[in-house]
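J.: Okay, predicted coordinates and the sequence, questions at the end:
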Amino acid sequence: MRALSYFGPNKVKVVKKPDPKIEHPNDVVLKVTRAAICGSDLHLLHGMVPDTRVGCTFGHEFTGVVEEVGKTVTNLAKGDRVVVPFNISCGTCFYCSRGLSANCENTNPNSDVASGVYGYSHTTGGYEGGQAEYVRVPFADVGPMKIPDDMQDEEVLFLSDILPTGYQAAEMGEIKGGETVVVFGSGPVGLFAMKSAWLLGAGRVIAVDHVEYRLEFARRYAGVETVNFKKVPDIVSYLKDQFEGRGPDVCIEAVGMEAEGSKFQRFLGMMFMQAGVPVAINWAIHTVRKGGNVAIIGVYGPPWNLVDIGTAMNKGLTLRMNQCNVRRYMPHLLKHIREGRIDAKAIITHRFPLSDAPEAYEIFSDKKDGCVKCVLTPGVAA
Ligand SMILES: NC(=O)c1ccc[n+]([C@@H]2O[C@H](COP(=O)([O-])OP(=O)(O)OC[C@H]3O[C@@H](n4cnc5c(N)ncnc54)[C@H](O)[C@@H]3O)[C@@H](O)[C@H]2O)c1
Ligand SMILES: [Zn+2]
Ligand SMILES: [Zn+2]
């Protein structure tokens, strides 16, 4: 088959690889129809994620058609169309049975951190990803969700990751009705956090970024107010001033480990002297009102970062964070899509055949051509 393959920082190519096979009776093999590129893939591309090995295939947001079915898989048959959570989870361990599929202890057993993830380095188990013609799906009776016959793959593609992730952020922020919210990052994850904030009843939402076209997209798609942090003298005091000098009730961090905004933090983060650039975390901690909630969904690596924990403590903040427990949100968010409250596919600005994946990465990474979300089209989709 053809698959995207990593060749070192900022270098990906499409190569021939052996077709994946059933390795365990609980696997299925999918023919991939759609595979999106995520902001998390950019951290891999830029060489920021430890143990990203040359030759591995990225891609953890995909839909596909079941091609081969392992002997013990009872709920899927050849020809079924499915959307698959990015976390690989066993469904039965201590964490899975508590809804924490992102922390499954069976699919990445040598790690004290996250579960297995498709195409996300050997730090998350070394599983092959879905930016390919075919992909092996372990624990196939746990993760994949069948796509309703009357829905297209692209309508539900983002149930694999970014829509549940944005929703989980709003939920971790404990938005229940009337809260004021600031979302740092107006990429795909930030956009769905903004939408979810409204769905959960937020009273006011302000988005922060420095890329103008993304702020414009956020205003249009998510109906939020926006601010470009490069156009105000001090983003934290600007934001506090929007909320009577106190700051908002909730801050959501949807930026992650390559944040702009502090030369000092960037130097330490990009030189691997800390595990990423926690600028947006610190802005969130400083901006939110005392006693407020900070939800962190941007990705950072272990083991440590220069985070202003003393400020968080003294302000009495609640900090919540995790990889998204995708599976538990899928049915609920499918309903929101079906009933027209979220048009998830409307954030797709670019589609490319698999052969053009390197170009797609470049456009998404460099924020060229108004790119918000890139989708690869390895196979024909319904
Ligand atoms: N927790 C999870 O399960 C999960 C799932 C998916 C993605 N993520 C992470 O979420 C983050 C965002 O993903 P994405 O796909 O939206 O990525 P993206 O790179 O497209 O978006 C990030 C946005 O943040 C902006 N930005 C940079 N510095 C900023 C700052 N200091 N303040 C405000 N905005 C700033 C960038 O201009 C960009 O528009 C990434 O770190 C990704 O790895 C986490
Ligand atoms: Zn993702
Ligand atoms: Zn588990």
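T.: It's in. Ligands and ions are numbered 1, 2, ... in the order given.

J.: who's in contact with Gly119?
T.: Residues near Gly119 by Cβ atoms under 8 Å, 6 or more residues apart in numbering: 41, 44, 56-60, 127-131. Just so you know, the C-beta spots here come from the backbone N, C-alpha and C atoms, and that holds for glycine as well.

J.: try 6 Å
T.: For Gly119, the contacting residues are 57-60, 129, by Cβ atoms under 6 Å, 6 or more residues apart in numbering.

J.: could these be laid out in a markdown table, adding neighbour count, secondary structure and pLDDT?
T.: Shown next, in a markdown table, are the contacts of Gly119 (neighbours: other Cβ atoms under 10 Å; DSSP: H, G, I helix; E, B strand; the rest coil; pLDDT from 0 to 100):
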| residue | neighbour count | secondary structure | pLDDT |
| --- | --- | --- | --- |
| Thr57 | 24 | coil | 98 |
| Phe58 | 29 | coil | 98 |
| Gly59 | 28 | coil | 98 |
| His60 | 28 | coil | 98 |
| Gly129 | 25 | coil | 98 |
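
J.: Select, from those residues, the two members most distant in space.
T.: Farthest pair in the contacts of Gly119 (Cβ to Cβ) is Thr57 and His60. Separation: 10.5 Å.

J.: Which residues are in contact with each of those two?
T.: 119, 129.

J.: Contact partners for the nearest residue to Asp19 once chain neighbours are set aside?
T.: Excluding the flanking residues, the one nearest Asp19 by Cβ to Cβ, 6 or more residues apart in numbering is Met1, at 5.0 Å. Residues near Met1 by Cβ under 6 Å, 6+ apart: 17, 19, 133-134.

J.: Recalculate using a threshold of 7 Å.
T.: Met1 makes contacts with 17, 19, 132-134, as judged by Cβ atoms under 7 Å, 6 or more residues apart in numbering.

J.: Next, count neighbours for Ile88.
T.: When neighbours are counted by other Cβ atoms under 10 Å, Ile88 registers 25.

J.: Tell me the confidence at the closest residue to it other than its chain neighbours?
T.: Residue nearest to Ile88 in three dimensions, not counting chain neighbours: Gly116, with 3.7 Å by Cβ to Cβ, 6+ apart. With respect to pLDDT, Gly116 scores 98.

J.: same thing with the one 10 residues further on?
T.: We note a pLDDT of 97 for Gly126 in this prediction.

J.: just the one 4 residues further on next, same as before
T.: What the model reports as pLDDT for Gly130 is 98.

J.: Using PDB, write out every CA atom in stretch 52-59.
T.: Below are the C-alpha coordinates for stretch 52-59, written out as PDB (Å, rounded to 0.1, in the frame of the first residue of the first chain):
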ATOM      1  CA  THR A  52       9.300   9.600  16.700                       C
ATOM      2  CA  ARG A  53      11.000   7.000  14.500                       C
ATOM      3  CA  VAL A  54      11.900   7.300  10.800                       C
ATOM      4  CA  GLY A  55       9.600   5.200   8.800                       C
ATOM      5  CA  CYS A  56       6.500   5.600  10.900                       C
ATOM      6  CA  THR A  57       3.200   6.600   9.500                       C
ATOM      7  CA  PHE A  58       1.200   9.400  11.100                       C
ATOM      8  CA  GLY A  59      -2.500   9.900  11.200                       C
END
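
J.: what does that stretch contact?
T.: Contacts for stretch 52-59 (Cβ under 7 Å, 6+ apart): 3-8, 35, 41, 44, 118-119, 121-122, 128-132.

J.: what's the distance between the residue most central in space within the chain and Thr74?
T.: With distances taken as Cα atoms, centre = their mean, the residue of the chain nearest its centroid is Ile162 (4.4 Å). Going from Ile162 to Thr74 by Cβ to Cβ, to the nearest Å gives 30 Å.
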